[in-house]
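>>> Structure for the following, please:
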Amino acid sequence: MILYSLLSLSFSLFCQSSISEIVPSVIQQKQVNEVDFWLTNGAKKTLLQKQTGVLTFGITTNFYPVISVDDTQTFQTIDGFGYTLTGGSVQSINKLNFQKRKELLQELFGKSDNSISISYLRISIGASDLNSIPFTYDDLPLGQTDVTLSQFSLYPDAKDVIPMLKEILTINPQIKIIATPWSPPTWMKDNNSFIGGSLKAEYNGDYAKYFVKYIQ
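From the prediction side, this is the model:
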């Protein structure tokens, strides 16, 4: 009985010693992300959501192209980054409840740690192709003209776009705005249509005044 106990103890010690040599103890260390990252996938199951998984960088060699950045050489400067604010996007944002709408505008244009902090915004002079209806700021019935631009009005954007622009400017007074024309008033065009056609040469000066009035 004593011999059996000694053999059992000896076998147990041998096994523990052998296992400790083969499988070293593992010290669990908490992994910390080296970067924060957001994900949008093709299936749209994830749309610009911040990820909680650990994204670490290893030292495994691969054969991808190598991009070398020479930070001592300067070419073009970057003035900012941003998006286009269309009449359609304004209408979509305005469908959000007050709190969600406020949070979205702060996330896009604010300066907090969780904000994208857009520095440039492009808007259309008149309707873009993402508005619900086409329009310019001097639309007239077919056959009429307005070379003095006496009927010029920003009224089509007065309800949605202009108030949102003012709100964005209160969030980020330094934001830069680029205004881009889509179509001249149809009475200035050779096909009297918002789609296609060209500006008639006789209205070159009037179209320039149209831009001036818009800026003013």
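
>>> all helices of this protein, in order?
Under the criterion DSSP state H, the chain contains helices at 2-22, 87-94, 98-109, 155-158, 161-171, 204-215.

>>> looking at these, which has the lowest confidence?
Sorting the helices of the chain by mean pLDDT places helix 2-22 lowest, at a mean of 45.

>>> Spatially nearest residue to Gly88, not counting backbone neighbours?
Leu130 (4.1 Å; CB to CB, 6 or more residues apart in numbering). The C-beta positions use only the backbone N, C-alpha and C, and glycine is treated the same way.

>>> Then Tyr83?
In space, Tyr83 is closest to Ile118, 6.3 Å off (CB to CB, 6+ apart).

>>> show me the residues around the residue nearest to Gly88 that make contact.
Residues near Leu130 by CB atoms under 8 Å, 6 or more residues apart in numbering: 86-89.

>>> cool, and Gln144?
Per CB under 8 Å, 6+ apart, neighbours of Gln144: Trp187.

>>> what bridges to the residue nearest the centre of the chain?
Nearest to the geometric centre of the chain sits Tyr83, at 5.9 Å (CA atoms, centre = their mean). Beta-bridge partners recorded for Tyr83 (DSSP bridges): Leu121.

>>> and the residue nearest to Gly88, what are its phi and psi?
phi -110, psi 20 (degrees, to the nearest 10).

>>> one step back: pull out the buried residues from the contacts of Leu130.
The neighbour-count criterion (16 or more other CB atoms under 10 Å) marks 86-87, 89 among the contacts of Leu130 as buried.

>>> of all the residues you listed, which comes closest to Asp138?
Closest approach to Asp138 among the buried ones among the contacts of Leu130 (CB to CB): Gly87, at 17.1 Å.
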